[in-house]
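Q: what follows is a predicted protein model with its sequence.
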Amino acid sequence: MSQKRMFDVKCTDCGKSTTVPFNPTKGKPVYCKTCFPKHRINQRKKSDVTTRFDMKNAWAIRGDNWQGRKEVHHSIFHKT
């Protein structure tokens, strides 16, 4: 079994030296094992806010005049 190439980096938060199994992208943060879970939890909190769906307020997103999706009939005989 081949071993992954490891890259030496410094943690963006604490500055501790660590290794990661990917080539870090310049300008993007890289975290050690201690700091990574903190940022993962924060990322989940942000995504929960944007992906929550509230059925009672769904009409507000569409607006009062929403009439549903228009059906499109595709035919080889007529231009659409």
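A: Thanks, I have the structure now.

Q: where exactly do the strands run in this protein?
A: With strands called from DSSP state E, the chain shows them at 7-10, 17-20.

Q: what strands line up against the first one, and which way round?
A: Okay, so that is strand 7-10. strand 17-20 (antiparallel) (DSSP bridges).

Q: could you dump the strands of the chain to a markdown table with mean neighbour count, distance to residue 72 and mean pLDDT?
A: Yep, even glycine has a C-beta here, placed from its N, CA and C like the rest. Below are these laid out as a markdown table (neighbours: other CB atoms under 10 Å; distance: least, CB to CB, whole Å; pLDDT from 0 to 100):
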| stretch | mean neighbour count | distance to residue 72 | mean pLDDT |
| --- | --- | --- | --- |
| strand 7-10 | 13 | 49 | 95 |
| strand 17-20 | 14 | 47 | 94 |
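
Q: want to throw those into a markdown table with distance to residue 41?
A: Converted to a markdown table, these look like this (distance: least, CB to CB, whole Å):
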| stretch | distance to residue 41 |
| --- | --- |
| strand 7-10 | 21 |
| strand 17-20 | 19 |
